[in-house]
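Structure for this input, please:
(one chain, ligands or ions: 1)
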Amino acid sequence: MHPNLAEDLARLPELLDAARGYAGEVLAGIADRPAASPHRAPQPAPLPDRGPGAEGAFQLFRDQWAPGFSASAGPRYLGFVTGGTTPAALVGDWLTSTFDQNAVSSLDSAAPVLERQTVGWLRELFGLPSHQGAFVSGATMSNFVGLAIAREWAGEQLGVSVAEDGVAALGDLAVLSGSPHSSTRKALAMLGLGRGRLRQVPALPGREAVDVDQLAAGLAALDGRPAIVVANAGTVNTVDFDDLRAIIALRQRFPFWLHVDAAFGGFAALSPQHAELVAGLDEADSVCADLHKWLNVPYDSAVQFTRHRDLQLRVFQNSAAYLGLPTEDPDFLHLVPENSRRLRALPTWFTLAAYGRDGHREVVERDIALARELGDRVAAMPHLRLLAPVRLNVVCFTLAENPTGERVGRLNRAVTESGEAFLTPTVHEGTPGLRAAFSSWRTTGPDVTRVADALRTAGDGLTGD
Ligand SMILES: *Cc1c(COP(=O)(O)O)cnc(C)c1O
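Here you go, the predicted structure:
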């Protein structure tokens, strides 16, 4: 054994204690760490020949890299849609690496059974009794898997198997959606269907929710050819929801696969007051839900659901003599793009086992209330105005006067440089703006006050233009 490895093996408990102590310090200070630390990376270093061992590497990381890491796990990182990590999820993540299971087949380990049970809990959480699912790395992969199964379904309608004969056998396939996330187009590119295949259906006036009459007209124009409809349950700009029940009703008139991108909007199901937004979700053919956002498990984690496992198996089955054939309850390597895979389910299992439905409902409802509160404060600030009502957990707003990209960018940089919060820019109906997305279990009322204060101070710096 290499001497560095032998030495580290002998000192493993000590090394883990040091890492644990440091992790505890980082998390104890996470609320005071700058929300974002852009441009603080060290110069590239050459690959070491021998290396200093784990302790030396740890020192290098602490000194050179950690200062440039953001507080994305903290309470005022409101960019993109970013969750934190609950205490139980963190413990689960550490143990995922400790046991280092390959959650592929059940020949050697109960790990895949744990994943199945965890998916079962998620089905209950989201109200998807008709679906089965598997863990993937994020909502992009979840959308990819859902649309891959949809592609196979469309082939079946036309009497071809895309998995066997390739996507050319399919001919033209229409994909319709109102306000799709960029990952839908990316998935279409990866699937060989093409980004250009997406037909964007107009939204309702002043909304990001699809106009269902226009969707019906788009489907009618296909003359009975099968299509894919991507419904959006929670758009990133304004968290708008397509009317799922109305879309489902169209199935009586037109043949289409319904995929629902509910990456974070699906969590509305946890709040009785907001569950109506995703009513009917179980009737979708496939559903995407992200877990590293509002479930507050660490990156990377999402789940894909479908009611059509037979078709899923046709696309993803991976048979070899040493792997065995898919059985009644197929191993995960027959269901998702990966073969070897991390036991990503464990942090989710931990957080659901620790806090249950009730604990996670509290996080969702608190974040919604905090977003409303920031929305009210923004609306009351003379230099800002809301770009959309706060429907769930995102505040989308801009400068009240002259909201050019340049001025909004300056406002955003001032907030980032204050270290108090991190928001991300967007454009809504042609107007540049900012988004503050609440999805962390750590965020509380005083954080909203600090974000509002940071916006006020940053706004003061802009006057005089
Ligand atoms: C975040 C998001 C995605 C992409 O998710 P990743 O986990 O980053 O791959 C897709 N759709 C929606 C609606 C999202 O919010």
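
so what's the closest residue to the ligand within the stretch 351-465 of the chain bridging to?
Residue nearest to the ligand within the stretch 351-465 of the chain: residue 437 (8.9 Å; Cβ to the nearest ligand atom). (Each C-beta comes from the backbone N, C-alpha and C, glycine too.) Residue 437 has these beta-bridge partners by DSSP bridges: residue 394.

quick one: it and residue 78 touch, right?
Yes: if you go by Cβ atoms under 8 Å, residue 437 and residue 78 touch, sitting 5.4 Å apart.

neighbour count winner among these two?
residue 78 (30 against 26; other Cβ atoms under 10 Å).

How are the strands of the stretch 151-300 of the chain distributed by residue range?
174-177, 198-200, 227-232, 256-261, 286-290 (DSSP state E, counting those that start in this stretch).

The stretch 1-150 of the chain now?
132-136.

Can you name the residues of it that neighbour the ligand?
81, 138, 139, 140 (Cβ under 6 Å from any ligand atom).

Looking at the residues you listed, state which has the most neighbours.
residue 139 leads these on contacts (other Cβ under 10 Å) with 27 neighbours.

residues contacting the closest residue to residue 96 other than its chain neighbours?
Nearest residue to residue 96 in three dimensions, chain neighbours excluded: residue 346, at 4.5 Å (Cβ to Cβ, 6 or more residues apart in numbering). By Cβ atoms under 8 Å, 6 or more residues apart in numbering, residue 346 lies in contact with 92, 93, 95, 96, 114, 118.

Inside helices: which ones of the residues you listed?
92, 93, 95, 96, 114, 118 (DSSP state H).

confidence score at the last one?
In the predicted model, residue 118 carries a pLDDT score of 98.

How far does stretch 456-465 sit from its chain's centre?
In terms of Cα atoms, centre = their mean, to the nearest Å, the centre of stretch 456-465 is found 33 Å from the chain centre.

In CSV, could you pull the C-alpha coordinates for it?
Below are the C-alpha coordinates for stretch 456-465, written out as CSV (Å, rounded to 0.1, in the frame of the first residue of the first chain):
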residue,chain,number,x,y,z
ARG,A,456,-33.2,49.0,0.1
THR,A,457,-29.5,49.9,0.6
ALA,A,458,-28.6,48.6,-2.9
GLY,A,459,-31.5,50.7,-4.3
ASP,A,460,-30.1,53.9,-2.5
GLY,A,461,-26.9,53.4,-4.4
LEU,A,462,-28.7,53.5,-7.7
THR,A,463,-30.4,56.9,-7.2
GLY,A,464,-29.1,59.8,-9.1
ASP,A,465,-29.3,58.0,-12.5
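
Could you list the residues in contact with it?
Residues outside stretch 456-465 that contact it (Cβ under 8 Å, 6+ apart) are 381, 383, 384, 399, 402, 407, 410, 411, 414, 415, 418.

still on that earlier bit, the ligand: which of the ones in helices among the contacts of residue 346 is nearest?
Looking across the ones in helices among the contacts of residue 346 and measuring by Cβ to the nearest ligand atom, the closest to the ligand is residue 93, at 16.3 Å.

If you drop the residues flanking it in sequence, what lies closest to that closest one?
residue 347 (4.5 Å).

residues of whichever strand or helix holds the one you found that come out buried?
Here residue 347, judged by DSSP states H and E, is contained in helix 345-380. Of all the residues in helix 345-380, those buried under the rule 16 or more other Cβ atoms under 10 Å are 345-352, 355, 360-361, 363-364, 366-368, 370-375, 377-378.
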